[in-house]
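Visitor: structure for the following, please:
(one chain, ligands or ions: 1)
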Amino acid sequence: MSSPFRTASKLNPPPPDSAAQEPVPLLDLKRQTRLLEPRITAAMREVLDSGEFILGPAVVRLEERMARYCQCRYAVAVASGTDALRLTLSALGIGPGDEVITTPFSFVATAGTILRCGATPVFADIDPGSYNLDPDRIESAITSRTRAILPVHLYGQPADMDPIRDLATERGLRLIEDCAQAVGARYGGAVVGSLGDAGCLSFFPTKNLGAFGDAGMIVTGNADFGERLALLRNQGNRRKHRADVLGFNSRMDTLQAAILEVKLDSLEDWNSQRRAIARRYNRWLEETPVKTPPESRRGRHVYNVYTLRAPRRDQLANRLAGRGIGNAVYYPVPLHLQGAFSRLGHTPGSLPAAETASREVISLPIFPELTREQQRRVCEEIYDFYRN
Ligand SMILES: *Cc1c(COP(=O)(O)O)cnc(C)c1O
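Guide: Down below sits the predicted model:
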């Protein structure tokens, strides 16, 4: 195995190079904040001066811009990505006795919100290449109780939506996209969130478009549905103190919307930078035994996370951590084997592709401001690990 890098060897120890030994964080939000600080401060000042802290004008503007960006007619700003899912399920009337088909390989909120609204998450296994819901495994999971399919665009890569959408249409099921990691990703030219009945976005700080706290949004092409969501997020009130339906308190802070408005201007550039970083990793890691993330020809992956399959994953993670290289495992235990889902009665071996992935994946530092030098360091350490 040859390395394109200057690597340490016993014969030729590397020259002491303090810059090269700086830790490389998994994610560094501080740089981005510093770069945008004058504009963000001005936007926040405007909110402070207005005194409209909840659902203020910036929230309305952000909804309009996000609806356009996601190629949807309507957008409803809410308090988090988890709430986007929860309100969507609720607005669709999904509850006790209903089943929703989803992936076992995701963040807890995906299936957690299904369970929380009283319905049953039915897990279909993943495609080991994309880590996304395998369309071929959905049909056999459909029963007379199935109400919806909830695919996740994991790590920023769109799920294979055409066959999933065909199935949903054919069987009269709702289609909800969990776009929390994939804002701006495209599938066959369409922006994710516009491919089903509703798209759920998260603006958690680590997502590709991140607030300074919690925030989320639902995008949809359906006016009635959008209106229902707007009611649900605000205590079911159409007018003050007249609750027409039983709702939630899930409003977006005006401050968060103002910050997100500034950041939205950069989102396309940031997503392109993430893609460029991913391409470089793919190239630089070609001659190692790791499996770099394959990108489907139909989709535009936006790399919220850059994930490898790596032999001796846990040792590699330890080595990288020991050398100051940030890394993480998303997700070390698939949802069907986590305690919160024990009532579903799954046992190890029931969803083998997800279980294998959870043992083999590891994610590397990726964020738009990651430098080429930092990336080189990450790759050098991976080379070193597999050489010895
Ligand atoms: C982040 C995330 C969520 C939840 O979003 P929050 O804003 O943290 O509530 C849901 N699903 C997936 C796949 C996520 O990554």
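Visitor: in stretch 345-356, which residues are buried?
Guide: Buried residues in stretch 345-356, counted by 16 or more other Cβ atoms under 10 Å: His346, Ser350, Leu351, Ala353, Ala354, Glu355. Every residue, glycine included, has its C-beta placed from N, CA and C.
Visitor: again, but for stretch 162-179
Guide: Those buried within stretch 162-179 under the rule 16+ other Cβ under 10 Å are Ile164, Arg165, Leu167, Ala168, Leu173, Arg174, Leu175, Ile176, Glu177, Asp178, Cys179.
Visitor: from those, which single one is nearest the ligand?
Guide: When those are compared for distance to the ligand (Cβ to the nearest ligand atom), Asp178 comes out closest, at 4.9 Å.
Visitor: give the contact list for the residue in the chain positioned nearest to the ligand.
Guide: In the chain, the residue that lies nearest the ligand is Gly81 (2.4 Å; Cβ to the nearest ligand atom). Residues in contact with Gly81 (Cβ atoms under 8 Å, 6 or more residues apart in numbering) are Ala109, Ala180, Cys200, Leu201, Ser202, Phe203, Phe204, Lys207, Gly216.
Visitor: switch the cut-off to 7 Å
Guide: Residues near Gly81 by Cβ atoms under 7 Å, 6 or more residues apart in numbering: Ala109, Ala180, Cys200, Leu201, Ser202, Phe204, Gly216.
Visitor: then Val152?
Guide: So Val152 contacts Thr103, Ser106, Thr110, Asn132, Ala159, Asp178 (Cβ under 7 Å, 6+ apart).
Visitor: look at the residue nearest to the spatial centre of the chain and give its secondary structure.
Guide: Taking Cα atoms, centre = their mean as the criterion, Gln181 is the residue nearest the geometric centre of the chain, at 1.5 Å. At Gln181, secondary structure determined by DSSP: H, G, I helix; E, B strand; the rest coil is coil.
Visitor: any idea how far Leu85 is from it?
Guide: Applying Cβ to Cβ, to the nearest Å, the value for Gln181 to Leu85 is 13 Å.
Visitor: go on, Val60?
Guide: 23 Å.
Visitor: more neighbours: the two, which one.
Guide: Leu85 (28 against 14; other Cβ atoms under 10 Å).
Visitor: picking that back up, near the ligand too, which of the buried residues of stretch 162-179?
Guide: Asp178 (Cβ under 6 Å from any ligand atom).
Visitor: tabulate the buried residues of stretch 162-179 (a markdown table), appending pLDDT.
Guide: Formatted as a markdown table, these follow (pLDDT from 0 to 100):
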| residue | pLDDT |
| --- | --- |
| Ile164 | 98 |
| Arg165 | 98 |
| Leu167 | 98 |
| Ala168 | 98 |
| Leu173 | 98 |
| Arg174 | 98 |
| Leu175 | 98 |
| Ile176 | 98 |
| Glu177 | 98 |
| Asp178 | 98 |
| Cys179 | 98 |
